[in-house]
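[1] only geometry, no sequence info:
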């Protein structure tokens with residue numbers, strides 16, 4: 001008996017909704033199922049590949065930073081600019097802003113070469129570390145700004161091996 005009450009209750013509900021109510025309910029369910037969800041956006045991984053000292057003059061050093069950007073997302077990142085600060089061996093070394101970049105491919109990587117100027121004190125400290133045959137520690141902290149205006153912060157710590165500096169400076173005595 002209770003079984004027939006449940007069944008008749010369901011039929012009564014459908015009957016009360018009417019055809020228009022059922023169509024509206026189905027349309028709402030379909031709209032909810034078709035609403036696109038934004039994929040979670042991960043910032044690119046940025047690592048220092050190389051540091052080259054190009055010239056030292058007037059207490060400042062011109063240097064070139066070779067960066068590797070890796071896209072952890074399964075979709076392309078249209079990066080408008082990358083702003084970051086580099087600390088070498090615990091000293092503020094450079095603040096750099098990239099110019100327009102090509103989109104970073106899905107699950108891919110790209111290399112980027114940027115120029116900057118630093119105080120010779122930061123370079124001298126790094127050179128003393130090199131003289132002791134130790135790698136130079138770096139901290140890279142910044143923001144990747146997408147073309148749609150969204151900002152993705154990133155940070156990375158690492159070491160630059162002595163061999164990478166030796167190629168740029170020539171053989172040590």
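    Sure thing, it's come through. Small disclaimer: the values here were computed from a predicted structure and weren't measured.

[2] beta partners for residue 56?
    Residues in a beta bridge with residue 56, per DSSP bridges, are residue 61.

[3] hang on, it packs against residue 119?
    No. Counting by Cβ atoms under 8 Å, residue 56 stays clear of residue 119, with 10.8 Å between them. (C-beta placed from N, C-alpha, C; glycine too.)

[4] now do the buried residues in stretch 96-104.
    Using 16 or more other Cβ atoms under 10 Å as the test for burial, stretch 96-104 gives 96, 98, 101, 104.

[5] for the third one, helix, strand, or coil?
    Reduced to three states with DSSP: H, G, I helix; E, B strand; the rest coil, the structure at residue 101 is coil.

[6] could I get the contacting residues of the closest residue to it other than its chain neighbours?
    Among residues not flanking residue 101 along the chain, residue 79 sits closest, at 5.0 Å (Cβ to Cβ, 6 or more residues apart in numbering). Each residue near residue 79 by Cβ atoms under 8 Å, 6 or more residues apart in numbering is listed here: 44, 69, 101, 103, 104, 144, 145, 146, 147.

[7] so where's the protein shaky on pLDDT?
    In the predicted model, the chain carries pLDDT under 70 at residues 1-39, 122-123, 125-133, 161-173.

[8] could you redo the last one with a cut-off of 50?
    Counting by pLDDT under 50, the ranges of the chain that qualify are 1-7, 164-168, 171-173.

[9] do a quick rundown of the strands in it.
    45-57, 60-70, 79-88, 91-97, 109-119, 136-146, 151-160 (DSSP state E).

[10] pairing partners for the third one, with directions?
    What it means is strand 79-88. Using DSSP bridges, the strands paired with strand 79-88 are strand 91-97 (antiparallel), strand 136-146 (antiparallel).

[11] of the ones you listed, which approaches residue 109 most closely?
    Nearest to residue 109, of all these, is strand 136-146, at 13.6 Å by Cβ to Cβ.

[12] contacts for that closest one, please.
    With contact meaning Cβ under 8 Å, 6+ apart, strand 136-146 is reached by 43-44, 46-48, 51, 77-90, 93, 126, 129-130, 151-160, 162, 165.

[13] just stretch 150-158 next, same as before
    With contacts defined as Cβ under 8 Å, 6+ apart, stretch 150-158 is touched by 41-48, 84, 137-146.
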